[in-house]
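*Asks:* coords below, sequence missing:
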């Protein structure tokens, strides 16, 4: 099971500010993901990475950007936060299992509120 | 297009009884399925998974059943406990060399009544 950490857990910030949400995992997983979830809704994949220097956009369009310079670290950045960015952001990591399955393990999430 | 559907947004079950959560999918290429449990303000926790080569997988109080012909899976929790109260998400993927992303359902909120 992965140990995966996210900071901050909660963030309240004003419109126009630049923010970075941190995500780190200690299991050496190659694959990492960012999801966005609003209350009562499904998880929407916004970014993913299959390894260092690999980043892809997910199914849901997002104004955020990500980087993957180190295996264990996958930060998400919003250059100019807006109220529409208010949501819960969930980071996950996974590694291919023995049967090529992909079980993702999640961090505790960051609840972002943009005023 | 919602490829993974959880048609019951909520479910209430008496403590000690069986909880049955359902999930339907439309993409016949999905061959690996997972269930996650999520408490408010926390990340989802992996519960149990099943590959399409099986029709049942059991882990303690949790059993997942897969009916490929009906494109339906279900999670059984028995006996249900108050700590099981949470939102449950099913997810599906294709085992295409391990590079397939998960598609999640919208979740079912389970409430266990003491």
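*Replies:* Cool, got the structure. Note that the structure is predicted; figures quoted are calculated from it, not measured.
*Asks:* so what strands line up beside the helix or strand of chain B with the lowest mean pLDDT?
*Replies:* Lowest on mean pLDDT, DSSP states H and E among the helices and strands of chain B sits strand B:103-104, with a mean of 90. If you go by DSSP bridges, strand B:103-104 pairs up with strand B:86-93 (antiparallel).
*Asks:* so which bits of chain A are right by chain B?
*Replies:* Counting by CB under 8 Å from any CB of the partner chain, chain A comes close to chain B at A:1, A:4, A:6, A:9, A:33, A:40-43, A:45, A:48, A:50, A:58-59, A:88, A:90-92, A:96-97, A:99-109, A:111. The C-beta positions use only the backbone N, C-alpha and C, and glycine is treated the same way.
*Asks:* just these: which are in strands?
*Replies:* Applying DSSP state E to the residues of chain A next to chain B, the entries found in strands are A:4, A:6, A:33, A:45, A:48, A:50, A:88, A:90-92, A:105-106, A:111.
*Asks:* need the max-distance pair from those.
*Replies:* The most widely separated members of those, counting by CB to CB, are A:50 and A:111 (27.3 Å).
*Asks:* more neighbours, the two?
*Replies:* Taking other CB atoms under 10 Å in any protein chain shown, residue A:50 and residue A:111 do not tie; residue A:111 has more neighbours (16 against 13).
*Asks:* ok, what's across the strand from the more buried one?
*Replies:* Following DSSP bridges, residue A:111 is listed with bridge partners residue A:10, residue A:88.
*Asks:* again with residue A:24
*Replies:* When assigned by DSSP bridges, residue A:24 has beta-bridge partners residue A:5, residue A:73.
*Asks:* distance of it from chain B?
*Replies:* According to CB to the nearest CB, to the nearest Å, residue A:24 and chain B sit 14 Å apart.
*Asks:* just checking, that residue touches residue A:4?
*Replies:* Yes. Contact criterion CB atoms under 8 Å: residue A:24 and residue A:4 qualify, at 7.2 Å.
*Asks:* near chain A, which residues of chain B?
*Replies:* Counting by CB under 8 Å from any CB, chain B comes close to chain A at B:9, B:32, B:34, B:36, B:41-46, B:49, B:51, B:89, B:93, B:95, B:97-102, B:104-107.
*Asks:* what subset of these is buried?
*Replies:* For the residues of chain B next to chain A, a neighbour count by 16 or more other CB atoms under 10 Å in any protein chain shown gives the buried set as B:32, B:34, B:36, B:42-44, B:46, B:49, B:89, B:93, B:95, B:98, B:100-102, B:104-107.
*Asks:* now intersect those residues with the strands, please.
*Replies:* Filtering those for strands - DSSP E - leaves B:32, B:34, B:36, B:46, B:49, B:89, B:93, B:104.
*Asks:* tell me the two of the residues you listed that are most distant?
*Replies:* Maximum distance among those (CB to CB): 14.7 Å, for B:32 and B:89.
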